[in-house]
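> give the three-dimensional model of this entry:
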Amino acid sequence: MDLPLLDFPALLTLAEKSSSIGAACACCTVNLDGWISVPLSLAEENFQEIGTLLEDPYTEPTFAEFHPAGTRYDSPLAPIAPRYFPANRCIVAACLNCGRHYLRYTEAGGYFVDRRIRLLSSRLLVDAPL
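Here you go, the predicted model:
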């Protein structure tokens, strides 16, 4: 299935919608404010992929990160900058139960593959140019 490319206004709309949801849900029993490995408690069938942030599947996106305030990759306060790693490799998925939106990507190292997830937060979303 080809996913549509989400531009910044579309991503911001999804982030605002997600940030306004206060209902309890199985998808948020684990703190997903920062990047973590997908917990076993999250059932894959409860998520629907709705779009991608990967602009060109044939071009390697940058591994540069965006941390103007000195945060780190795994910080819950790290900005979400769609043109920077790891957001530039993400798909956006929605929880089918509550409607929250998440960023997901697969980290692939020399000897491992790790699926990662992070809550899409409107307060952390930044339209930073490369």
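> how near is residue 103 to residue 65?
Distance, residue 103 to residue 65, using C-beta to C-beta, to the nearest Å: 14 Å. Every C-beta, even on glycine, is put in place using the N, C-alpha and C of the backbone.
> neighbour-wise, which of those two wins?
Between residue 103 and residue 65, residue 103 has the larger neighbour count (other C-beta atoms under 10 Å), namely 24 against 15.
> quick one: average pLDDT of the helix or strand containing the more buried one?
Per DSSP states H and E: residue 103 is located in strand 101-108. For strand 101-108, mean pLDDT rounds to 94.
> need the residue closest to the centroid of this structure.
residue 103 (1.7 Å; C-alpha atoms, centre = their mean).
> excluding chain neighbours, what is closest to it?
Closest residue to residue 103 apart from its sequence neighbours, by C-beta to C-beta, 6 or more residues apart in numbering: residue 90 at 4.3 Å.
> looking at it, residue 21 is touching residue 102, isn't it?
No: contact criterion C-beta atoms under 8 Å: residue 21 and residue 102 do not qualify, at 11.9 Å.
> give me the more crowded residue out of these two.
Set side by side, residue 21 and residue 102 show more neighbours around residue 102, with 22 against 14, by other C-beta under 10 Å.
> ok so, going back, who's in contact with the residue nearest to the centre of the chain?
Residue 103 sits next to 53, 80, 86, 87, 90, 91, 92, 117, 118, 119, 120 when contact means C-beta atoms under 8 Å, 6 or more residues apart in numbering.
> next one: it from residue 75, what distance?
14 Å.
> quick one on the thing from earlier: tell me how many other residues surround the residue nearest to residue 103.
By other C-beta under 10 Å, neighbour count at residue 90 equals 25.
> hey, what's residue 52 bridged with?
When assigned by DSSP bridges, residue 52 has beta-bridge partners residue 5, residue 91.
> can you check the pLDDT for it?
97.
> give me the number of residues near it?
Neighbour tally, residue 52, other C-beta under 10 Å: 17.
> and residue 35, by the same measure?
21.
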